[in-house]
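J.: Fold the following.
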Amino acid sequence: MGPGDYTVSSGGKGVPLLRCEICGEHSPIRSNLAVAEEVARQARYFLRDPLHDPFCKNPDCESHRVPLSTGAENYAKSGRTNSGTQRYRCKLCNSTFAGKAHAAARQRLPHKNRDLFMLTVNKVPISRILETIGIGFDSFYRKLNFVHVQCQAFAGHRESRLMSGRFNLPKMYLSTDRQAYIVNWVGRKDRRTVQMNAIGTADQRTGYVFGMALNFDDQLNKAAVEADAITVGDIGLSPPHRKYARVWLDQDYAAAIANSKTRDAAEKDAIARAEGLADTTPPLLIEAGLRYMDAMARDDIEQSEFKNKDVKLPNFGMGIHEQYTMYGHFVLLAKLLKTAPKVRLFLDQDSGFRAAAISAFGTMIKARTADAFFVKVDKAANAYDKRNAVAAARAAVLEYMAAEKIPDEGTAIVEMMKLEIKKSVSMTRWNDRWVRHVRPIAAEPSKYVCWLTKYAADDSEEDAENHHARLLLRATLHPIDKFFMQTRRRVSLAERAVVSVRKQRRMWNGYGAYNPAILQRYLEIYRTYYNYCLRGKDKKTPAMRLGLAKAPIDPHAILHFS
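T.: Numbers count the residues shown, from 1 in each chain. The predicted structure follows:
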């Protein structure tokens, strides 16, 4: 055995692991095919199907199926159709064909598209949208699909500059988190809900949101996939070796239900232990420890989704295993950030985030141009606690400046952070060292940070302690949490669910979606609106701050984009 060699071992029934022969660490095996499929799914908005481009319709002509976008020299303009669409003539066979019609050319009421767009991103329920603009359900869903396609095409066109490497980025400091959404039950006999999770990453400097990846694929048919899984033998294979490794099959759901009992028992045991530490250990560190214990109780340490008898799989489309959604998100993010000289990733504490981020940015991490951090934030504090925490932190800084005779506040905060680093708390066999953050903000009144990719060699670098402290001071989840908060406030389908008053006390969202595909469209529409249309206090949009736009984009421009 040499460096980089692995052996396959077992982590339980149907859970193959890779054992590193250098450090002895065990890691779950992932399907490269499934990761590639998930990257392709999340990157669909970049793709342009050449068969949808106009081309010569003469099957005997050499230009047949040669699209106008790549074979323009084969065609010449030849007037317009009655509806005003450009017509072209093939130079080889002289046959004519119509070009691509305007995006809204076939819509009977195109003037209502902008109203529908604006109402969907301002938390107006679907029934009120129908009443306001005077359309029916069928028309609404057709128009919603149109708005979604236009938003995705517009965002894909702008972000293609990042994907192609034609846009030079500065150092990027990014925050990653996820948000859970409840999809309502569709029948009274089965009141189990469907929980979907969306992963997003936001730039700290500009607020630009890269991706809003829901762990759901609306283009898969559950019955067809389950039948084909039986045909190809997926049922008898371990998850990473299947053709359908990334989707939730019925057998995966059954296994998750069985594992839920183990996770419930581990949680009760962890809470019992935590009660004994409550007087001596900060609450956030206790919560971080509970997260570790939950991860260790899973059959697959990276699969954080929790399924029990109250949660079911989607009725429409298919759910995606969240660990593959994470891998897809970070691989796509690495492609978008290829021109950034350095990337710092601040992640909500989740073993899946850790594995996916380090895997996707592995080359940059080895080159010391990328780093990943866990951030643990107190999100349950009330307004009173937040104000007090910020005031107390400010007072502590002033007291430290006076005691140490430091005139500059920035220098004092760095020195205070260096003292906290020396008091860091080690957790788990991975020796994750958690450091208390000394500069809280109102949105994050208390937080701890863990540097996941720190090399021992970093300590010998010049000014290493100051660099370490400054990096940890940048730790925050606020940019992506701000986007998630606005999503709750502006997207009716993303509103928090309420507990049903019925006996089972199921979760119910009065304005929620019954089909995850509709929720997915809403979220992707809002991401485009947030990035390109919604201005902040500086009168700029996130896209303007990043450099992908020169001015706020009017929704009309998105709806008429071609």
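J.: Stretch 492-499 - what's its average pLDDT?
T.: Stretch 492-499 carries an average pLDDT of 74.
J.: quick one: buried residues of the helix or strand containing residue 481?
T.: Per DSSP states H and E, residue 481 falls inside helix 478-490. Buried residues in helix 478-490, counted by 16 or more other C-beta atoms under 10 Å: 478-484, 487, 490. Any C-beta I mention is one placed from the backbone N, CA and C, and that applies to glycine too.
J.: What backbone torsions are found at residue 381?
T.: Backbone geometry at residue 381, expressed as degrees, to the nearest 10, gives phi -70, psi 150.
J.: what sits against it?
T.: With contacts defined as C-beta atoms under 8 Å, 6 or more residues apart in numbering, the neighbours of residue 381 are 389, 445-446.
J.: one step back: looking at the buried residues of helix 478-490, which is nearest residue 177?
T.: residue 480 (4.7 Å; C-beta to C-beta).
J.: That closest one: what's its closest spatial neighbour, skipping adjacent residues?
T.: The shortest distance from residue 480 to any non-neighbouring residue, by C-beta to C-beta, 6 or more residues apart in numbering, is to residue 202 (4.0 Å).
J.: re earlier: out of the contacts of residue 381, which end up buried?
T.: Buried subset of the contacts of residue 381 (neighbour count, 16+ other C-beta under 10 Å): 389, 445-446.
J.: After the helix or strand hosting residue 146, which helix or strand is next?
T.: Using DSSP H and E, residue 146 sits within helix 137-164. Next helix or strand after helix 137-164 toward the C-terminus (DSSP H and E): strand 172-183.
J.: related to what we said a few turns ago, tell me if the residue nearest to residue 480 really is in a strand.
T.: Yes - assignment of residue 202 by DSSP: H, G, I helix; E, B strand; the rest coil places it within a strand.
J.: That one: what's it in contact with?
T.: Contacts of residue 202 by C-beta under 8 Å, 6+ apart are 174-175, 208-210, 479-480, 482-483.
J.: need the contact list for residue 153.
T.: With C-beta under 8 Å, 6+ apart, residue 153 has these contacts: 45, 561.
J.: How about the one 4 residues further on?
T.: Applying C-beta under 8 Å, 6+ apart, we find residue 157 in contact with residue 561.
J.: Show the pLDDT at it.
T.: Note for residue 157: predicted pLDDT of 92.
J.: Name the residues that touch the host helix or strand of residue 413?
T.: Element membership of residue 413 [criterion: DSSP H and E] is helix 409-422. Residues from elsewhere that reach helix 409-422, judged by C-beta under 8 Å, 6+ apart: 396-397, 400-401, 404, 406, 435-439, 465-466, 468-470, 472-473.
J.: Can you select the buried ones from those residues in ChimeraX?
T.: Burial among those is assessed by 16+ other C-beta under 10 Å; the matching ChimeraX selection reads:
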select :397,400,401,406,435,436,437,438,439,465,468,469,472,473
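J.: Tell me the one among the contacts of residue 381 nearest to residue 529.
T.: When the contacts of residue 381 are compared against residue 529 (criterion: C-beta to C-beta), the nearest one is residue 445, at 29.7 Å.
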